[in-house]
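Colleague: Mind looking at a prediction? Sequence and model below.
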Amino acid sequence: MNRKLWPNLLSATRIALMPAVLGSAIAGSRVWFTVLIAVSLATDALDGYFARRFHAFSELGRKLDSAADYVTLVTGVTGIALLWPEIMRRELPWVVTGMVSFFAVIIYGFIRLGHAPCYHTWASKTGAVVCPVTLVPLLNEWTAVPFHLTILWLVLTGIEEIAISLVVPRHVGEMPTLWHAVRARRGRVRAGGAGSAE
């Protein structure tokens, strides 16, 4: 198999795992839910690694990875609500805040750009790694502080991604930070000015 297809295959695998993740939650199995979510999160880490390792970046790959993230998020939250209902009720304002900040970027992207932005910023990648880790102390009733801090981080991440859309509204591809977006816009402006001077 062409190694450049590995990242997309892993993203597709993450989506394919979601019915089993949801099924384990409906069946009341915390163990299988945790195992399957852990496997899906591992594919999330590996698809990025293989994309960088084999220079397998593509617009399809970015969209597939983002779609897998959306499905995993919704399925994961649903599973936690089924398996840890008391914690979900207690943390609902924080969960809703995180979900709103996540999906606000998507909705704004469709309204302004006609598609969901797939910037894969450094902040969003950091949040994707940290957020699942904070669920360990949260679901074990140790402390909710790391989870709350991560939700605040996700809100700031959403604000940055909307700002990127404002700065470079026609950009397609990854954009690590708002600073990179500002630099890209300045470069385009300079290029446009040079072209008009000719």
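Modeller: Now that the structure is in, tell me what you want to look at.
Colleague: Determine the longest helix present in this structure.
Modeller: The longest helix of the chain (DSSP state H) is helix 85-112.
Colleague: give me the element the residue nearest the centre of the chain is part of.
Modeller: Residue closest to the mean C-alpha point of the chain, counted by CA atoms, centre = their mean, is Asp69 at 5.0 Å. Assigned by DSSP states H and E, Asp69 falls within helix 59-83.
Colleague: ok, now Ala38?
Modeller: In this assignment (DSSP H and E), Ala38 forms part of helix 30-53.
Colleague: do Pro117 as well
Modeller: Using DSSP H and E, Pro117 sits within no helix or strand.
Colleague: Ok, Ser124 next?
Modeller: helix 122-139.
Colleague: Run the angle between that helix and helix 30-53 for me.
Modeller: Interaxial angle, helix 122-139 versus helix 30-53 (axes from the mean of the first three to the mean of the last three CA atoms, to 10 degrees): 160 degrees.
Colleague: other SSEs contacting helix 122-139?
Modeller: helix 30-53, helix 59-83, helix 85-112, helix 145-167 (3 or more CB pairs under 8 Å, 6 or more residues apart in numbering; DSSP states H and E). Where you see a C-beta, it was placed from the backbone N, CA and C, and this is true even at glycine.
Colleague: Can you lay out these as JSON lines showing distance to Ala181?
Modeller: Converted to JSON lines, the helices and strands packed on helix 122-139 look like this (distance: least, CB to CB, whole Å):
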{"stretch": "helix 30-53", "distance to Ala181": "20"}
{"stretch": "helix 59-83", "distance to Ala181": "16"}
{"stretch": "helix 85-112", "distance to Ala181": "14"}
{"stretch": "helix 145-167", "distance to Ala181": "4"}
